[in-house]
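J.: Need the 3D shape of this:
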Amino acid sequence: MTFSSIKHFLEKIAPLTKLSKKELKILETSDRVLKATLVVNGKQYPAFRIQYNNARGPYKGGIRYHPDVSEEEVMSLAFWMTIKTAVADIPFGGGKGGVKVDPKKLSEKELEELSRAYVRAFYKSLGPQQDIPAPDVYTTPQIMAWMLNEYEKLVGHKAPGFITGKPLEFGGSKVRDIATALGGVYILEEAVKKVPLKQKTAIVQGFGNAGMNAVILLAERGYLIVGVSDSQGGIYNPKGLDVHKLVAVKEEKGSVVHYGDGTEVTNEELLTLPCGVLVPSALGGVIIEKNAQKIQAAIVLELANGPTTPEADGILHQRGILVLPDVLANSGGVTVSYFEWVQNNSNTSWDEAMVKRKLQDKMVPAFNKIWEVYAQNTFSFRTAAYVHAVQKIVDAMKGREITNNYNIGSKSLI
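T.: Residues are numbered from 1 along each chain as shown. Got it, this is the predicted structure:
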């Protein structure tokens, strides 16, 4: 999503949340834009850290390594993190980082140096109470460990709460590996209390971390998995797929299309097949105006970022299909990142059962508060989530008197 479309989105939301001109301007403006050029083996890589809004707490957001990274993309992602942390009701604001690089072309040593160089460039603006990075596209727990080590060398003391998504031995949290999928399943369990399913069946597009774990967790809860896919294509069987076999086939042969007992379908075809719950968990922009009329699910659970276009979302809402939006449905990841930060800062470690219980205790009220807004209005559940989040951010800004100390003609707080 371009940043101009975010401004358009905020202008659309403004009347629903009664935003003043000044409040709207603040929400359209990031707090800080940090830039640097990282040099590794003589090659230059543009790097960014955008701190969007910290009215509700320290900036929080991942760092991505990708050849298409741009300032506008990072700005947009930082805005959406501000919305997501508000939706999830965790005491963070929103930020995001990125490096314009193809990490697949770097050696491990170069990747480590790039990661350490990123911290050296921005560390004075980062920290456990200021801005807490995390993994994102093509960044890993190992990269987080390198970054933590570099930060601690620079500040001269231990600071595990500086970054989340770390390996367990560096202070990472249990459950982080399945957090996105598990949080989404908790949201779904609440949704089916409001929108009962005629058939407890599920189709999951994408078989990466989120998708595969969603398949496993849904099957454990009695859902019949009738379709799955990965980048090579999909498999569909209305009688159900064997989850353990799916995982084994993916690991052994590289794709679920080799499953055998079912009909091979394209990713596009998979989305429109009949099921109770459709779970897009791979790419953005897959449910579009063209196929929205063909969706046969009762509920769409968005584990991917931005899988449904605004036009398609409107069509699904008109058709009575409940879309559980990404800012809520996949916020289990950032919520467990928050738990990691809490554990680090209090020098404690929670067991798996406690993390799962605390995750459910966050996700369930988050869903119910948005449902209250949704039930009282005629707009979509996604719009209800945005309205709820924006109102929380504005309330926090008012409480901190940010709206009183802002010059509309400027680009920063004074």
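J.: Now do stretch 26-43: everything it contacts.
T.: With contact meaning Cβ atoms under 8 Å, 6 or more residues apart in numbering, stretch 26-43 is reached by 6-7, 10, 19, 44-54, 59, 71, 75, 78-79, 99, 106, 110, 113-114, 117-118, 121-122, 125, 390, 393-394, 397, 402-403, 406, 411-413. C-beta coordinates here come from the backbone N, C-alpha and C atoms, glycine included.
J.: And the strands in the protein?
T.: Ranges of strands within the chain are 32-40, 43-53, 59-66, 94-100, 131-135, 201-205, 224-230, 233-236, 263-265, 277-280, 299-301, 322-324, based on DSSP state E.
J.: can you put those strands in JSON lines and add distance to P307?
T.: Below are those laid out as JSON lines (distance: least, Cβ to Cβ, whole Å):
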{"stretch": "strand 32-40", "distance to P307": "28"}
{"stretch": "strand 43-53", "distance to P307": "22"}
{"stretch": "strand 59-66", "distance to P307": "18"}
{"stretch": "strand 94-100", "distance to P307": "19"}
{"stretch": "strand 131-135", "distance to P307": "20"}
{"stretch": "strand 201-205", "distance to P307": "8"}
{"stretch": "strand 224-230", "distance to P307": "13"}
{"stretch": "strand 233-236", "distance to P307": "15"}
{"stretch": "strand 263-265", "distance to P307": "17"}
{"stretch": "strand 277-280", "distance to P307": "4"}
{"stretch": "strand 299-301", "distance to P307": "8"}
{"stretch": "strand 322-324", "distance to P307": "9"}
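J.: how close does the nearest residue to V373 once chain neighbours are set aside get to T17?
T.: In space, and not counting its chain neighbours, V373 is closest to A384: 4.2 Å by Cβ to Cβ, 6 or more residues apart in numbering. Going from A384 to T17 by Cβ to Cβ, to the nearest Å gives 11 Å.
J.: So for those two, which residue has more residues nearby?
T.: With neighbours defined as other Cβ atoms under 10 Å, A384 and T17 compare such that A384 has more, 22 against 18.
J.: Not counting its neighbours along the chain, what's nearest I132?
T.: In space, and not counting its chain neighbours, I132 is closest to K60: 5.2 Å by Cβ to Cβ, 6+ apart.
J.: Next, format the strands of the chain as a markdown table and append distance to E189 and mean neighbour count.
T.: Conversion of the strands of the chain to a markdown table gives the following (distance: least, Cβ to Cβ, whole Å; neighbours: other Cβ atoms under 10 Å):
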| stretch | distance to E189 | mean neighbour count |
| --- | --- | --- |
| strand 32-40 | 39 | 16 |
| strand 43-53 | 31 | 22 |
| strand 59-66 | 26 | 26 |
| strand 94-100 | 27 | 28 |
| strand 131-135 | 26 | 25 |
| strand 201-205 | 13 | 27 |
| strand 224-230 | 16 | 24 |
| strand 233-236 | 25 | 22 |
| strand 263-265 | 28 | 16 |
| strand 277-280 | 11 | 29 |
| strand 299-301 | 11 | 26 |
| strand 322-324 | 11 | 23 |
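J.: who's in contact with the residue nearest to E352 when sequence neighbours are not counted?
T.: Distance criterion Cβ to Cβ, 6+ apart; nearest residue to E352, sequence neighbours excluded, is K174 at 4.7 Å. Neighbouring residues of K174 by Cβ under 8 Å, 6+ apart: 168, 350-352, 355.
J.: and with 10 Å instead?
T.: Applying Cβ atoms under 10 Å, 6 or more residues apart in numbering to K174 gives the contacts 168, 336, 339-340, 343, 349-356.
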